[in-house]
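Asks: got a predicted model here, sequence first, then my questions.
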Amino acid sequence: MSDLSLFLGQFLRRPAEIRAIAPTGRATVREMARLVTPDMGAVAEIGAGTGTITRAILGRGLAPERLELYELNAAFCTRLRQRFPGTVVHNLPAQEMVNVGRSGLDAVISGVPTLPMPDELQAAIVGAALRMMKPGAPFVQITYGPVAPLSEAVRARFGLSHVKSRRIWANLPPARVYVFRQDGR
């Protein structure tokens with residue numbers, strides 16, 4: 001089964017879990033993985049989906065055993081384990097990473113659809129990631145909306161500043177990538 005078939009099937013079965021209408025496009029995954037380097041000790045990808053961003057992260061030279069994947073959808077987790085041996089795949093929500101993941105992360109790459117989430121859930125996800133990350137490490141977030149994917153209240157709570165990419169039109173729907181970092185860290 002192709003990624004698109006699996007993705008669309010899961011989208012129809014579990015629309016509350018799957019917020020995008022197609023896997024992330026090539027230009028967007030390149031932008032999401034841009035900060036990953038081969039010398040990083042550990043990276044986490046949350047909301048890994050079918051692995052399009054995962055492939056780009058590993059394509060940047062990161063060893064598979066240094067990559068932890070978090071995905072809520074069990075069918076996607078099966079695909080990830082088959083496709084990316086050596087990575088650690090957790091069938092868990094992103095906010096659970098503090099209970100099972102490795103600390104000292106050099107980056108967290110997020111495909112989780114944070115924009116439509118309430119502030120409390122955004123804060124739980126970002127807070128978990130920040131507790132696991134090295135000081136100054138980037139939290140990279142995709143969004144399809146016209147505004148920042150983390151609310152102003154959540155950004156203020158954690159002291160986050162950000163830079164954003166240009167709109168990536170070669171994605172369905174068009175996307176933008178934000179890189180968040182804690183101020184003073």
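Replies: Looks like it came in fine.

Asks: can you tell me the closest non-neighbouring residue to Pro174?
Replies: Arg167 (5.5 Å; CB to CB, 6 or more residues apart in numbering). In this view, the C-beta of every residue, glycine as well, is placed from N, C-alpha and C.

Asks: test my guess that that neighbour contacts Pro173.
Replies: No - look at Arg167 against Pro173 with CB atoms under 8 Å: they stay out of range, at 10.4 Å.

Asks: and the lengthiest helix in the chain, what's its mean pLDDT?
Replies: Ranked by residue count, the top helix of the chain under DSSP state H comes out as helix 119-132. Helix 119-132 carries an average pLDDT of 97.

Asks: show me which positions of that helix end up buried.
Replies: Going by neighbour count (16 or more other CB atoms under 10 Å), the buried part of helix 119-132 is 121-126, 128-130, 132.

Asks: which single one of the residues you listed is nearest to Ile53?
Replies: Ala129 (15.1 Å; CB to CB).

Asks: may I have the residues that are in contact with the closest one?
Replies: Applying CB atoms under 8 Å, 6 or more residues apart in numbering, we find Ala129 in contact with 44, 46, 94, 97, 105, 108, 110, 139.

Asks: can you show me the helices along the chain?
Replies: Using DSSP H, helices in the chain cover 3-13, 26-33, 52-59, 74-83, 97-100, 119-132, 152-158.

Asks: tabulate those (TSV), appending distance to Thr143.
Replies: Converted to TSV, those look like this (distance: least, CB to CB, whole Å):
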stretch	distance to Thr143
helix 3-13	18
helix 26-33	10
helix 52-59	14
helix 74-83	20
helix 97-100	20
helix 119-132	12
helix 152-158	13
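
Asks: quick check, central residue of the chain?
Replies: Ser110 (1.6 Å; CA atoms, centre = their mean).
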